[in-house]
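Novice: Give me the fold of what follows.
(2 chains)
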2 protein chains.
Amino acid sequence: MSKGITQKSEDHSKWYTDVITKAQLADYGPVKGTMVIKPYGFAIWELVKDEFDKQFKATGHQNAYFPLFIPKSFLAKEADHVEGFAKECAIVTHSRLMSDEDNSIKVDPSSKLEEEIIVRPTSETVIWHMYKKWINSYRDLPILINQWANVVRWEMRTRLFLRTSEFLWQEGHTAHSTESEAREETLKILDIYESVSKNHLAIPVLTGKKSESEKFAGAVDTYCIEAMMGDKRALQAGTSHYLGQNFAKAFDVKFQTDSNTEEYVYASSWGVSTRLIGAIIMVHGDDNGLRLPPSIAPTQVVIVPFFKNDEEINNIKKYIDPYLKELESKGIRILLDDREKISPGFKFNEWELKGVPVRIEIGAKEIESNQLTIFRRDINQKEKTPINTLTNYIQDMLDQIQQNLFQQADKFRKENTFTVDSYEEFKTVINKGGFVRCGWDGTEITEKHIKDETKATIRCIPFDESPENKQCIFSGKDALHEAIFAKAY
Amino acid sequence: MSKGITQKSEDHSKWYTDVITKAQLADYGPVKGTMVIKPYGFAIWELVKDEFDKQFKATGHQNAYFPLFIPKSFLAKEADHVEGFAKECAIVTHSRLMSDEDNSIKVDPSSKLEEEIIVRPTSETVIWHMYKKWINSYRDLPILINQWANVVRWEMRTRLFLRTSEFLWQEGHTAHSTESEAREETLKILDIYESVSKNHLAIPVLTGKKSESEKFAGAVDTYCIEAMMGDKRALQAGTSHYLGQNFAKAFDVKFQTDSNTEEYVYASSWGVSTRLIGAIIMVHGDDNGLRLPPSIAPTQVVIVPFFKNDEEINNIKKYIDPYLKELESKGIRILLDDREKISPGFKFNEWELKGVPVRIEIGAKEIESNQLTIFRRDINQKEKTPINTLTNYIQDMLDQIQQNLFQQADKFRKENTFTVDSYEEFKTVINKGGFVRCGWDGTEITEKHIKDETKATIRCIPFDESPENKQCIFSGKDALHEAIFAKAY
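Specialist: Numbers count the residues shown, from 1 in each chain, chains lettered A, B, ... in the order given. The predicted model follows:
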């Protein structure tokens, strides 16, 4: 135990929960499997969300809001869709409470609904119901809509941020007049997912296509970004689906083409969720807690003053105030932790747990020497710097931290991604932990065998695959694809 | 009919629906009473939301997220609370669907929940359940949390933006160590509500206290902002509640004071919702559609070019581009409507319906004279201006429009707020439409008589009341309060 949390190497799962609890990111709600996102966790989510939102809008997407409630009959319309994942869900059957004889509260049986209502597990069905009303001609296309919303999937084995009954996400739903345009959209979004992951979350991701058995049930093709967590397991961090005409056919959405024929609309859908917070924790966290990339850190720089009385803290504030103002004017998010009766050591501990990238320590000694002590959370080291060049120094340091966290994660992933020569070797690697990149004969039966035996699944067929002259690691047949196998969350 | 919508004076209710439909603000969803907020309506909401959010954060509040689902038993804990409004709600009873013999989908009876779950009508109960875990000592206080969320109340008679089964809102929930601090918070938020309404939505609001029968059932005191709509009816646009120790007692949330005693926590809660979009429509709209205050207009300036071919539109773009860039650099939200095969007249109509504050018309004539034609939506008039001073001219005009819309609304409200000398006169005014400010004896029985007879309710007891030497308009007794009566949405 250091900092009061389990060591990462000792018990990764317990370490993960400890970080969430001690850094005050989230908590379980009273209904089993629900999550409360606490202010610090939510502030991270807001920064992540804002970055995605900016990029969606810059590429012509608009936000909208569709209802939480879906008629049960809608889920039956796209049969693969419901087979795929919509079975475990929250079902609303009544609309009124009443007081019982003993003054307790019960459900009013007379308020039973004619048709049950499903709390959205995803919004394709309700959105395509609306698109039918909105789309008549090619002039109405494309529709490029996104929504930020809560969705519900009844989960038995829950884990904060990774798998909870309710979670927050964005879901984009686009409609196009041609297949090529819809496919282009699907990949454009995957690019945004990849670039925000790399440049803001500092998470290197693999991009590629899902196998048939791993894809979204309503999709023709599912593309994904996949990341390696600190325990070498994979996490699906975002998906972008080319839906073909599946939902258009299910909801009878046709449009008049510019040559006056009628055709079904082509579609995409895509989403990332609060699961990304889980990825940030598991990719960057260390034995001292969270380490946040500056781009998404609610506080980028915390100032911890050494003081014993009002006079001392006032002196420190007076001394440092103009420098803090300058940092703030550059858009740097800073916090002066002037809480009384809490020791600097306790504060160090707390802000390290919360992953604040940079800490400035300042007391009488620092003021005298005009030198500040600076702690870098990514490498857990202290340096000294003259105060008169503080702004440039901090800006550079934040850039370095952002890059270094990415590079550390990238190095870790590369070191733990293997090519193997035999299925025996495959099993050894999977057991030890890591990604395996190898040939696959393209059959579901092989995929299932491997999964049953090793728990490893195909995370993606990478865009840069070269299956030529390779054999399937399991069957020995000619490889149809190269695939990335790993155990996953 | 002008612009294809019903005249406001002819049928206010139909006019309201027409504006929402034609300006593409919202639509009904498939489940009765649910609402789809379309991109244009949602863009307005985003601007409204951002302004509130900025002011909440500037006053020390943090966002968080609490679960959608509440155990049924929680609603019984604060008895007044459930009596008040939580009876009509969505109740989740099952968690799984299954395929029937005939391949249709039905609810799996074996998935019946042990305890029914309520979809949150408001989050006091689930939040106070969490606060019990989070609050131990005075050091943990205050807690100043807000969340942006969807809530559900089962509504029979729905109306887009004003009353729908699901709506979007923010709900603030704060916890304090003293009554005075909690009361101060309650009124601080009311100030924010008032100031955003006035300065951004351009809506003058009355501020005051609700009567016992109109307040939030779980509150000690409810304060509100009330606005007058174009049909002279009142709309409650936001409420801020001092909750006393009601929820703290219901959820047993005590804290250790700094003198080592134990006390229940004091609380406030407060909210505004997408209902504000309804207010914006009804306060500012006219026979030509929506009129948006520039501060919350997704597009503040639309440019409609006159062109017949590529060469003409290219010339126009080349000519105006540097001016548009300058406008954008000042943070002005502009849109060049260069759609082909759609006449300028059609575009005028569309943007007037959508309430865009300023329209710039430009064709060969304008380029030749270096004079642009400018249309102001608030007064529906055109002017001309030289292009070389465009930026200042537009900035000034947007300021004027913002102020003018507020002044028009303020004048309208003043002209339709009456003092009366007798109950007969009271009834005449209420019937004709408008607010009545008069003495009230403070009894619920009087309030009920008036409501039953005239449908008018007490909208608020204004802060600047002076009941001295006044009589109750109904009973003739000495007035305990001055009150504002009106029919309300």
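
Novice: drop to CA atoms for contacts and neighbour counts, all remaining ones
Specialist: OK.

Novice: So in chain A, which helix runs the longest?
Specialist: helix A:390-415 (DSSP state H).

Novice: Tell me how far the closest residue to chain B within the stretch 301-450 of chain A lies from residue A:347.
Specialist: For the stretch 301-450 of chain A and chain B, the shortest gap (Cα to the nearest Cα) falls at residue A:339, measuring 10.5 Å. Separation of residue A:339 from residue A:347 (Cα to Cα, to the nearest Å): 9 Å.

Novice: list residues touching both of these two?
Specialist: Shared contacts of residue A:339 and residue A:347, defined by Cα atoms under 8 Å, 6 or more residues apart in numbering or on different chains, are absent.

Novice: So between the two, which is more surrounded?
Specialist: residue A:347 (18 against 11; other Cα atoms under 10 Å in any protein chain shown).

Novice: Is the more buried one located within a helix, as I assumed?
Specialist: Yes. Residue A:347 forms part of a helix when assessed by DSSP: H, G, I helix; E, B strand; the rest coil.

Novice: OK, contacts around it?
Specialist: So residue A:347 contacts A:304, A:337 (Cα under 8 Å, 6+ apart).

Novice: thinking again about what came up before, going by neighbour count, which residues in the longest helix of chain A are buried?
Specialist: The neighbour-count check on helix A:390-415 (16 or more other Cα atoms under 10 Å in any protein chain shown) flags A:390-391, A:394, A:397-398, A:401-406, A:408-410, A:412-413 as buried.

Novice: For residue A:113, grab phi and psi.
Specialist: phi -80, psi 150 (degrees, to the nearest 10).

Novice: Contacts only, for it.
Specialist: Applying Cα under 8 Å, 6+ apart to residue A:113 gives the contacts A:93-95.

Novice: per-residue confidence at it?
Specialist: Note on residue A:113: pLDDT of 97.

Novice: Can you give me the distance of it to residue B:33?
Specialist: Plainly put, residue A:113 is 14 Å away from residue B:33 if you go by Cα to Cα.

Novice: Residue A:24 now?
Specialist: From residue A:24 across to residue B:33, the span is 38 Å (Cα to Cα).

Novice: Those two: which is more packed in?
Specialist: residue B:33 (20 against 16).

Novice: Please identify the helix or strand for the more buried one.
Specialist: Element membership for residue B:33, per DSSP states H and E: none, as it lies in no helix or strand.

Novice: Whatever residue of chain A ends up closest to chain B: what secondary structure?
Specialist: Nearest residue of chain A to chain B: residue A:92, at 4.2 Å (Cα to the nearest Cα). Classification of residue A:92 by three-state DSSP places it in strand.

Novice: Report the beta-bridge partner residues of it.
Specialist: residue A:117, residue B:92 (DSSP bridges).

Novice: which ones are touching it?
Specialist: Residue A:92 makes contacts with A:116-119, B:90-94, as judged by Cα under 8 Å, 6+ apart.

Novice: any idea how far it lies from residue B:27?
Specialist: For residue A:92 relative to residue B:27 (Cα to Cα), the value is 22 Å.

Novice: same deal with residue A:291?
Specialist: 44 Å.

Novice: Provide a list of residues in contact with the residue most central in space within chain A.
Specialist: In chain A, the centroid-proximal residue (Cα atoms, centre = their mean) is residue A:276; its distance is 1.8 Å. Contacts for residue A:276 (Cα under 8 Å, 6+ apart) come out as A:161, A:237.
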